[in-house]
Structures are given as structure tokens and as C-alpha cells.
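In: Generate coordinates for the sequence data below:
(chains A, B, C and D)
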2 protein chains.
Amino acid sequence: MLDERKATILRAVVTEYIETAQPVGSGHVASSTQVNVSSATVRNDMAALEAEGYLAQPHTSAGRIPTEKGYRFFVDQLGGPGKLGASESQQVRSFFSHTHGEMEQMLADTSRLLSSLTRYAAVVVGPQHEVATIKSVQLVSLSPRIVLAVLVLSSGAIEKHSVELSTDTEELVVNAAAVRLASVIVGQTLAAVATIDPEISLTGEASDVATVLRAAFVSLRGDHRHDDQVFIGGTSDMVSSFDAVRTVSEILRILEQQLVVVSLLEDVLDRGLSVAIGRETGNEALADCSIVVAPYMVDGETAGSIGVLGPTRMHYDQALSAVAVVATRLGHSLSEG
Amino acid sequence: MLDERKATILRAVVTEYIETAQPVGSGHVASSTQVNVSSATVRNDMAALEAEGYLAQPHTSAGRIPTEKGYRFFVDQLGGPGKLGASESQQVRSFFSHTHGEMEQMLADTSRLLSSLTRYAAVVVGPQHEVATIKSVQLVSLSPRIVLAVLVLSSGAIEKHSVELSTDTEELVVNAAAVRLASVIVGQTLAAVATIDPEISLTGEASDVATVLRAAFVSLRGDHRHDDQVFIGGTSDMVSSFDAVRTVSEILRILEQQLVVVSLLEDVLDRGLSVAIGRETGNEALADCSIVVAPYMVDGETAGSIGVLGPTRMHYDQALSAVAVVATRLGHSLSEG
DNA sequence: TGCTGGCACTCGTGCCCTTCGACTGCTTGT
DNA sequence: ACAAGCAGTCGAAGGGCACGAGTGCCAGCA
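Out: Below you'll find the predicted structure:
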């Protein structure tokens, strides 16, 4: 659908604009690429590209800048991620060789790695708790009326719920409740636990133990909708790509609402490595932003996703490579552990 | 040291500048305050104030803006926090009446409350783990060679350490180790645990149990220097107070380094409610920022601190009131639980 | 002595104008 | 189908000018 030469010209405009943030004129394109045609010819093609919606001009006498459609074409024809630069891939290797143990810490560090690789904001979403099974449950008395329920999930994540009791309760009673609770919910998923009717597990228990169990079930059923772990890093780097404080403020507002961020990433999760450009993100406030996302696999299953958020004029090739490499390395690293 | 009238004039300049972000001229001051003197007199005093370092002028024919010393005087003579506006104090009341259980969640929400009250960035630092005693410890096998050590502290906080074993280990062995570990460290503080010599607690244990214990001790001794919980909210609000993206980027960089933020807050922790203006923060990148901090008390002891970070031209009275009120309310709320 | 009114002076800001140059679109020639 | 040239557009940059907000200083008045 697009002339070979037009494609080359469009490519040139996009790369140049990404580099300089300045509208690109026909002269530049003619002189600086492998298109051996005069600027006049380039002009004609650029006019056509504009008519087809790939380019736009800010004002009559200025050069052209890519539209979202232009970026989209550029990204599509890029065809998958390239290779990482030497120093970057060195950085990734060294990161994953030094990395150790604690998953939470590791995900946080990964977001820092990714933002340092790309100079954009990096988002790392941890594994969903919903699918993980409960490995262990424990009730700890913090004060006579407050008990902390601590769940350990098979993913290594921890979930805590504080349970408030209406009467002072002895530790012995709490411990009895803990044993009973464990026998009912260990091995289940969190989602399954939410559907359990507490009453059936209360038969044969002393009334004070039953009271504790009832309260615990209520607490466990409570909100664990947005307890995905989200790690965001490198916002300060990304900010430098924009020139209006207004814009920056809006973007930060989005990033602060972690729910929004998570849903952004998860929308594209089943598509593998993918890019959302400008309004494709589905969020008006991100009109000047693009997102590069990839899921990562742990033990053969999609666990979570990572991504970078930058300006629409981002270095897509670098971002794609970085996200792709880090996603696979992260997955491996989490699998073997 | 400062004339009554000079003080009034200085006050007027500061409030006006905070409001408008524009240099303030003698005319404005003379006409808009309760200083019933002519602009000429004001001019003389302003010249004196400049000579003494309270004011500065950007260029010869412009008005004056406050220096750090000027803000400092302004804040000092403010003498403690005022009362909160009606709608704000309503917001605080409703927040703390609806609040419930989970401390971590509550601290995060508090940072949102504080930023929404002040329109600046809010920082909430959770209680130090170092002083809390260990309420319970549990070892959970995630895989044959990976064990998760889960500590519950008296503060209600949870700490997890993953322990990697060099050989596959049965759950029975892990459980035995857990019992032994609990008998040694429950009731201690984390700091105390770090000083325990593992070997003395190994006597009489089977060698495989001893191996697990040794690994667990190493893991527990490991880094829990920066596991203070820090919650930062409202950066997007604060950003709007600045006009250079450059500045914004630097400030965000600081906020991303949570260690720096924590030390900023803790430096002033023993001083009670206090304010650091510009370079007083001790951080060059925060030259255009001020911080208002207060500790909060739980059960009669200083637990953590909260604060807001805004531009040097912040609304100090509102910020002081908000921080003061939220700190005490937060303390109460955490104490009764 | 302390405040005021007045005056000359400084300079940044906004405005208009021009120039400049980087573009474009179109038309014509090969 | 491409190249070359040309006229036209329009923003950015720069100079000149008037304006006005502000200042410092001085002389006069309570």
C-alpha cells in the first residue's frame, strides 16, 4: 500500500524527528538518506504521505512531523526487536548474574534496570495473586483484640490482613483458630477462599474459636483486587523528554493511579511484545506518550508484565529490544528460583 | 532585631509573593496592607531588608522577592500551626473515621490525604523496624531448596527473607528448624538478632536442621537497613508549582531515592514540627523546595514521620496546619489499634 | 528624627516592524 | 516520472520604541 520510496522517506522523517524533536523538511530527507532523489520529489511524496495521514505539518511553512499513524507504520515495519547495544546488554547480563532471592526486591530493581536502559519510565507488574495457592496461614496476636492473618502464597508473595475482634481473645484460642483455618484454606487459591462459606468450617469448634474464624474469613474475603505489585521507576528520566510542565503533571497523575497503569499493561498482555502509540493507549492524558509492553513467563506460564512509558517520539527500537530482553531474562531468573 | 514595621512589610512581601510568584513592589505593599505609610517609606525599609539579606531583587527595576532568610523569618514569626480550613478539617475527620485496620494501607492513604490537603507532595515514613520486637517467625518451603522466612513484628509489619539452601530439604526438617528458630529469636528486636552468634543455638540439633538454621541466620542478618516503609503521594500536584521541567526532573530524582527522602525527614525528627527551607534541606537539588515535617507518636513513642515537599514559596501556614493535624490524628489512630 | 512627596532614572515587557530563512506547492522542462 | 526553479507563506529572530512598574535619593514638613 505504500510505495517503497515513500516508506523510506517516512522512515527517515520519523527517525529524524525522534532524534531532534524538530519538524523535518524535504531538504533534510533528500540529503541525509539513501534516497537518491531531489528534494522536490521528496516534497511530492511527503505531500502524499500527509494526504494519507502519515505526516502532519504544524504550520504551512514548516517541515513535517509524524502522526500516530506514521509512528504506527514505522513501528510495524521495524518488525520485532533488534539487538541491544554492547554496553546495555552488558548491563543486563551483570544485573541478572548479581541478582538474588527476594522477588519483591528483584522486581523493584528490574524497574530501575529498565528505566536506566531506556531513559524512560519503567513499569513492572508482579505476578497475580489470584492464581497462586496458599502455602501457609498464620494468625498472630498483636494485641488482645487485634490479630494479624499472614498468608504465604506459592508465588512467594505474602499477604497480610488485620482482623479486629470484638472481644479480648486468648492466644490459645487464636492458635486453635489458626490450625483450623490452615486445614481449610491451605492449598486453595485466594479466589477460592473468597467463595467458601465460613459456617461449614465452624462445626464442632468452641464458640470463641468460631468467632475468630468468622472474623478472619470476613477479612480474607475483603479487598485483594488491587494487590498486584507494581513497581515504577525512572519517572525523572522520562520527564525530561517533555517540555511542558502541564503535560508532565498529567502523566504523573496517571502513574500515581496504579490501577490505571496495571490495566494499561494488562490490556495488551496476551499480545506478547507490543506497542501502544499515543491515543492507542486508550487514555487521553497519554496522547503524547507511547508504551512498550511485554509479558514475562515463569515456569512456562504468563506471570506478569513489564513495560516502558515514554514520549511518542521514543526510540522504539531501543525500547523494544530492552523490554524484550529484560522480559525473557526476568522470566528465566524467576523460573529457576 | 527587626523593626515592627519592617517585619510587617516583610510579611506582606512574602505572602504576596507566595500568592502571585511575581516580584513585589513597594506600591503593592503600601496600598494592600495595614501598614499606613507611603510607598516611599516602604521603599526605604525594603532597601534595608535587602541589605540585611531578607529580600533580593531579580533586576534593578523590579520588585523584591524573599530570600531563604526572608522565608525563615516569616515561618518563625508564624509561631506554630494555625487552624485548618473548614473543608480541610472535615476531610481529615472523615478520613480518620473511615479508616480501618491494615497499617500499610493506612500509611499509603495518609500520604494521599496529605497531598490532597496541601496540593504538594506528601511523604509518610512508617515505623522503624529496628525497635519492634519479633512476634512470630515461620519458615515456609516454597520449593525443595527455597525457604521463605516470614517474620511478624510487634508493629504489625511483616518482613520476609528468602533462604536458599544448598541441598534439598524435607518439610519436616524445615519445620523443626522453625520451632528452634522461634524459640531463639521471638521477643528479640531485629537489631539484636543480627548480633546473635548462630552457632550457640545449634547445639543439640541434627546436622540438616543446623544447616537450615545457619542459612536462615545469614539471611536475617542481611540487609534490613532500608526497609523502612516510605509512601510518597501527590507528586503530580507538586510539580505544577514549578515552571521548569529541568527543576521538576531533579526533584523527582530525589524522590525516587527513598533513602535520601528518609534521611531528610529523620534529620529533623527530634525537633518536632519543623520546616526546612531551600538549602536548609541540605540538598542542592532542593534549593527551590521547602519541607514541612512532623513526627507522629504511637503509644507515647515517636514512631515515624510525615511531611510535605513543596516549592519554597509554599503556603506555609496551610502546610504546617495540615502536617500537624494529620500527624497527631495518625498517631492516635495507630495507637488505639 | 522620621515620614512623605516628588523627581529622575533604570530596565524589563510588550508591540510593531523588518529581515531572514526554511519550508512548501506548483509549473515547466527533460 | 523526476528535477529544477520560482513564487509564496509563515515562524523565529532582532531592532526600535513607548510604557510602566519600580527604585534611589533629596528636600521639605511634623
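In: Look up phi and psi at the residue of the stretch 1-150 of chain A found nearest DNA strand D.
Out: Scanning the stretch 1-150 of chain A for proximity to DNA strand D using C-beta to the nearest atom of the strand identifies A:Ser61 as nearest, at 2.8 Å. Heads up, the C-betas are built off the backbone N, CA and C, glycines and all. Dihedral pair for A:Ser61: phi -100, psi 20, per degrees, to the nearest 10.
In: What is the burial count for it?
Out: 8 (other C-beta atoms under 10 Å in any protein chain shown).
In: measure it to A:Leu153 for me?
Out: 62 Å (C-beta to C-beta, to the nearest Å).
In: cool, A:Ser39 as well?
Out: 63 Å.
In: Also A:Val209?
Out: A:Val209 sits 25 Å away from A:Leu153, going by C-beta to C-beta.
In: Spatially nearest residue to A:Leu252, not counting backbone neighbours?
Out: Distances taken as C-beta to C-beta, 6 or more residues apart in numbering or on different chains place B:Ser236 nearest to A:Leu252, at 3.7 Å, with adjacent residues excluded.
In: Put the alpha carbons of the helix or strand where that neighbour lies into PDB.
Out: Per DSSP states H and E: B:Ser236 is located in helix B:235-239. What follows is helix B:235-239, C-alpha atoms only, in PDB (Å, rounded to 0.1, in the frame of the first residue of the first chain):
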ATOM      1  CA  THR B 235       4.000  14.400  43.100                       C
ATOM      2  CA  SER B 236       1.800  15.400  40.200                       C
ATOM      3  CA  ASP B 237       0.300  18.200  42.300                       C
ATOM      4  CA  MET B 238       3.600  19.500  43.500                       C
ATOM      5  CA  VAL B 239       5.000  19.500  40.000                       C
END
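In: tell me the pLDDT at the closest residue to DNA strand C within chain A?
Out: When distances are taken as C-beta to the nearest atom of the strand, chain A reaches nearest to DNA strand C at A:Gly25, 2.1 Å away. Listed pLDDT for A:Gly25 reads 94.
In: which residues sit against the helix or strand where A:Ile251 lies?
Out: In the assignment (DSSP H and E), A:Ile251 maps to helix A:245-256. Residues from elsewhere that reach helix A:245-256 (C-beta atoms under 8 Å, 6 or more residues apart in numbering or on different chains): A:121, A:232, A:235, A:238-239, A:242, A:260-261, A:283, A:285-286, A:288-289, A:309, B:233-237, B:239-240, B:242-245, B:248.
In: are any of those buried, and which?
Out: A:121, A:232, A:235, A:238-239, A:242, A:260-261, A:283, A:286, A:288-289, A:309, B:233-237, B:239-240, B:242, B:245, B:248 (16 or more other C-beta atoms under 10 Å in any protein chain shown).
In: Sketch out the helices for chain A, chain order is fine.
Out: For chain A, the helices defined by DSSP state H cover A:4-20, A:26-32, A:39-51, A:68-78, A:86-98, A:103-118, A:171-185, A:190-195, A:207-221, A:235-239, A:245-256, A:258-267, A:316-336.
In: where does chain A dip in pLDDT?
Out: Scanning chain A for pLDDT under 70 picks out the ranges A:101, A:201, A:223-227, A:336-337.
In: Domains in it, by residue range?
Out: A:4-78, A:86-128+A:228-336, A:130-220 (automatic domain parsing).
In: before we move on, back to that, helices and strands around the helix holding B:Ser236, which ones?
Out: helix A:245-256, helix B:103-118, strand B:121-125, helix B:245-256, strand B:301-311 (3 or more C-beta pairs under 8 Å, 6 or more residues apart in numbering or on different chains; DSSP states H and E).
In: buried sites along the helix holding A:Ile251?
Out: Here helix A:245-256 shows A:Val245, A:Thr247, A:Val248, A:Ser249, A:Glu250, A:Ile251, A:Leu252, A:Arg253, A:Ile254, A:Leu255, A:Glu256 as buried, counting by 16+ other C-beta under 10 Å.
In: quick one: the fifth one from B:Ser26, how far?
Out: Counting by C-beta to C-beta, the gap from A:Glu250 to B:Ser26 is 39 Å.
In: ok, now the first one?
Out: When C-beta to C-beta is applied, the distance between A:Val245 and B:Ser26 equals 31 Å.
In: and if you look at the second one?
Out: Counting by C-beta to C-beta, the separation of A:Thr247 from B:Ser26 is 38 Å.
In: Quick one: name the residues of the stretch 51-200 of chain A near chain B.
Out: A:101-104, A:135-136, A:138, A:140-143, A:146, A:148, A:150, A:152, A:154, A:156, A:158, A:160-164 (C-beta under 8 Å from any C-beta of the partner chain).
In: Let's see that with 6 Å instead.
Out: Residues of the stretch 51-200 of chain A lying close to chain B (C-beta under 6 Å from any C-beta of the partner chain) are A:Gly101, A:Glu102, A:Lys135, A:Ser136, A:Gln138, A:Val140, A:Leu142, A:Val152, A:Gly156, A:Ile158, A:Lys160, A:Ser162.
In: Kindly report the residues of chain A close to DNA strand D.
Out: Residues of chain A found near DNA strand D, taking C-beta under 7 Å from any atom of the strand as the criterion, are A:Arg5, A:Asn36, A:Val37, A:Ser38, A:Ala40, A:Thr41, A:Arg43, A:His59, A:Thr60, A:Ser61, A:Ala62.
In: Which two among the residues you listed are spaced furthest apart?
Out: A:Asn36 and A:His59 (29.4 Å; C-beta to C-beta).
In: What does the residue of the stretch 151-300 of chain A found nearest DNA strand D show for phi and psi?
Out: In the stretch 151-300 of chain A, the residue that lies nearest DNA strand D is A:Asp243 (12.4 Å; C-beta to the nearest atom of the strand). In terms of degrees, to the nearest 10, the main-chain angles of A:Asp243 are phi -120, psi -10.
In: That one: what's it in contact with?
Out: Each residue near A:Asp243 by C-beta atoms under 6 Å, 6 or more residues apart in numbering or on different chains is listed here: B:Val245.
In: how much space is there between it and B:Ser249?
Out: A:Asp243 is 11 Å from B:Ser249, by C-beta to C-beta.
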